[in-house]
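**Q** Quick one, fold the following:
(one chain, ligands or ions: 1)
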Amino acid sequence: MVELSGVRAMTDAATSADGSIRFRDVGINFTPKQRGEWVLRHLDLEIGDNEFFVIVGPSGCGKSTLLRVLAGIAKPTEGFAQTSRGVVHGPGPDRAMVFQSVDTPLMEWLNVRRNVEYGLRMQRVPRSVRAATVDQYLRKVGLHRAASKYPHQLSGGMKQRVQIARVLASNPSVLLMDEPFAALDAQTRRLLQRELVSLWQDEPRTVIYVTHDIREAVLLGTKVAVMTAPPQSTIRTTYEIAMPYPRDEFAPEFVDLASKVEADIEEEVSKLWAGDGFESQSRS
Ligand SMILES: Nc1ncnc2c1ncn2[C@@H]1O[C@H](COP(=O)(O)OP(=O)(O)OP(=O)(O)O)[C@@H](O)[C@H]1O
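**A** Purely as a prediction, here's the structure:
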């Protein structure tokens, strides 16, 4: 799987690699031969290097599918996704995925250290380099004292930290995050949100982050894109967020932007209920 490949110590070039992304005229139809629905259609998007790009939108509009296209695990029916290495044809060490905590792909039979180390072992990184890299990332996510614990002994938040340490140790230039903190309690989620921003500021890289939580989107992103209702979803609006971190969610600027994003989503959801999206597809 993509999140395990790549090696920080051996490929420091990866962080200096350009993490800019481009989606061009992307369309996804999972059943084109049966004249199935287009989930995404004519989607164009550019994401700059080291951007913290958050994607929100109505349920089922294709946010996860868009991440999967970039991860190289879903093939677009039309158009393409492109990184600085070229058009995406499959998974690659430059792109790593962090999943929801309930879907965390940790290996239950390996302790925390071994889980974080696993990708580096697969890449045949020398033992001493591996040990130093794993130590570095366990410290960064505050898990150095839990290195010998097994996944069943960890809380949901700790499991997410292991997942984050594992992907960061592989040093991808693009980090894809699909609602990574959605299943966690509010307090843990806040803590991990703060930690994630600080890890990203410490080692800037492009992050593409999908969430349903508008507050989280405005708290984390340098940009927030709102998608249109399905089917044939695309990008409706992208907001640039210039507020410095850590952000004050009660600041007028924060509240104002969160209300705009919320109004956009509500309008898209109402189209969904009114059936506009489906009508527009049958007209095309
Ligand atoms: N492999 C697949 N085969 C067929 N349909 C799929 C597949 N993957 C996703 N879909 C459909 O594509 C649509 C978009 O799914 P996706 O999970 O990308 O949306 P989403 O915006 O992330 O949804 P949510 O916000 O509810 O998590 C849904 O209708 C889903 O059923």
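**Q** what comes up buried for the helix ranked longest in the chain?
**A** When the chain is scanned for its longest helix (criterion: DSSP state H), the result is helix 252-274. Taking 16 or more other CB atoms under 10 Å as the basis for neighbour counts, the residues of helix 252-274 that come out buried are 254, 257-258, 260-261, 264-265, 268, 271-272. (Glycine included, C-beta is placed from N, CA and C.)
**Q** and these as CSV, adding pLDDT and distance to L176?
**A** CSV is the format used below for the buried residues of helix 252-274 (pLDDT from 0 to 100; distance: CB to CB, whole Å):
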residue, pLDDT, distance to L176
F254, 98, 25
L257, 98, 24
A258, 98, 24
K260, 98, 25
V261, 98, 21
D264, 97, 23
I265, 97, 21
E268, 96, 23
K271, 88, 27
L272, 81, 25
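**Q** Now those residues in JSON lines, please, with extra columns for distance to H212.
**A** As requested, the buried residues of helix 252-274 are exported to JSON lines (distance: CB to CB, whole Å):
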{"residue": "F254", "distance to H212": "18"}
{"residue": "L257", "distance to H212": "17"}
{"residue": "A258", "distance to H212": "13"}
{"residue": "K260", "distance to H212": "17"}
{"residue": "V261", "distance to H212": "12"}
{"residue": "D264", "distance to H212": "14"}
{"residue": "I265", "distance to H212": "9"}
{"residue": "E268", "distance to H212": "13"}
{"residue": "K271", "distance to H212": "18"}
{"residue": "L272", "distance to H212": "15"}
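**Q** between these, which is closest to A183?
**A** Distances from A183 to those, taken as CB to CB, are shortest for I265 (20.8 Å).
**Q** Return the residues in contact with that closest one.
**A** I265 sits next to 56-58, 214, 226 when contact means CB atoms under 8 Å, 6 or more residues apart in numbering.
**Q** tell me the two of the residues you listed that are most distant?
**A** With distance counted by CB to CB, no two of those lie farther apart than P58 and I214, which are 12.4 Å apart.
**Q** For these two, work out which one has more neighbours and name it.
**A** Taking other CB atoms under 10 Å, P58 and I214 do not tie; P58 has more neighbours (24 against 20).
**Q** Quick check, pLDDT for that one.
**A** P58 carries a pLDDT score of 96 in this model.
**Q** Repeat that for the one 4 residues further on.
**A** If you check G62, the pLDDT there is 96.
**Q** Do I have it right that it meets T234?
**A** No. The criterion here is CB atoms under 8 Å, and G62 misses it with T234 at 9.1 Å.
**Q** Going by distance to V26, which of the buried residues of helix 252-274 wins?
**A** E268 (18.3 Å).
**Q** so how far is the ligand from the closest residue to that closest one other than its chain neighbours?
**A** Among residues not flanking E268 along the chain, A229 sits closest, at 4.3 Å (CB to CB, 6 or more residues apart in numbering). According to CB to the nearest ligand atom, to the nearest Å, A229 and the ligand sit 10 Å apart.
**Q** That concludes my questions; thank you for your assistance.
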